[in-house]
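Novice: Sequence first, predicted coordinates after that:
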Amino acid sequence: MYAYIKGELTEREDSYIVIENNGIGYMILMPFLMSAKLGALGEDVTCYTYHSVKEDGISLYGFTSKEEKDMFLMLITISGIGPKVGQTICCYLSPAELTAAVINNDIKTISSVKGLGKKSAERIVLELKDKLKLQAKAAGVSASASGDTYMFSPAQSDVSNDAIGALVMLGYKQQDAEDAVSRSYEDGIDLQLLIKKSLKTITANKFG
């Protein structure tokens with residue numbers, strides 16, 4: 001089993017990346033929305049991995065941080081949440097955001113993850129709430145309780161800033177990234193689509 005892989009990021013596609021280490025290219029399943037935060041092509045990166053072995057194949061799932069991977073490992077202990085769904089949840093919700101949603105019974109936020117229904121979201125809350133409360137307290141996360149309701153205030157993600165950060169990590173200049181995101185942004189757009197549209201804008205400006 002591989003805990004993590006360090007090496008050169010040589011390929012990035014919509015659903016996977018390739019990291020080369022000592023002449024071996026490791027194909028790691030990782031959605032573009034997540035891999036965009038990992039680093040630019042040609043850079044040395046660290047990817048935390050989960051080695052999935054099934055009858056129909058062997059796969060490596062990748063994560064940008066140990067915290068992301070730890071959350072994923074908790075999610076896949078839940079009936080009906082497999083590696084693909086677990087990774088998708090981690091892709092759309094940070095560990096802090098998912099913890100807050102679970103502890104606050106925020107079914108709406110959890111079920112907003114693409115491909116995740118209300119029943120699955122309710123099951124996640126039911127099975128992880130107590131575990132995450134204990135973890136949050138152990139980690140010293142600030143919380144105020146009213147009855148059984150714990151109110152957390154994780155930093156809210158700004159889609160434009162996240163997109164700019166992802167483009168800079170991909171190797172683009174800060175100003176170019178800001179200009180492309182500004183031109184590509186639309187109300188309600190999700191991060192993955194904004195990054196893709198911004199990349200097209202940068203390419204058009206460069207070669208147009």
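Specialist: Okay, I see it.

Novice: so His51 is in which element?
Specialist: strand 44-54 (DSSP states H and E).

Novice: Which helix or which strand is home to the residue nearest to Met34 when sequence neighbours are not counted?
Specialist: Leaving aside its sequence neighbours, Met34 sits nearest to Cys91 (CB to CB, 6 or more residues apart in numbering; 4.8 Å). (Each C-beta comes from the backbone N, C-alpha and C, glycine too.) Assigned by DSSP H and E, Cys91 falls within helix 83-92.

Novice: Name the next helix or strand following that helix along the chain.
Specialist: Next in sequence after helix 83-92, counting helices and strands by DSSP H and E, comes helix 95-103.

Novice: could I get that next one in CSV with only the CA atoms?
Specialist: Taking Å, rounded to 0.1, in the frame of the first residue of the first chain, the C-alpha atoms of helix 95-103 are listed here in CSV:
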residue,chain,number,x,y,z
PRO,A,95,-12.5,18.6,5.6
ALA,A,96,-13.4,21.8,7.6
GLU,A,97,-16.6,22.4,5.5
LEU,A,98,-17.7,18.7,5.7
THR,A,99,-17.1,18.6,9.4
ALA,A,100,-19.2,21.7,9.9
ALA,A,101,-21.9,20.4,7.7
VAL,A,102,-22.1,17.0,9.5
ILE,A,103,-22.0,18.5,13.0
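
Novice: Show me what the helix or strand that it is followed by packs onto, helices and strands only.
Specialist: Following helix 95-103 in sequence order, the next helix or strand is helix 107-111 (DSSP H and E). Counting contacts by 3 or more CB pairs under 8 Å, 6 or more residues apart in numbering; DSSP states H and E, helix 107-111 packs against helix 95-103, helix 118-138.

Novice: Pull out the buried residues from helix 107-111.
Specialist: Ile107, Thr109, Ile110, Ser111 (16 or more other CB atoms under 10 Å).

Novice: of the residues you listed, closest to Glu11?
Specialist: For these, the minimum distance to Glu11 (CB to CB) is 31.8 Å, reached by Ile110.

Novice: Before I go, just wanted to say thanks for your time.
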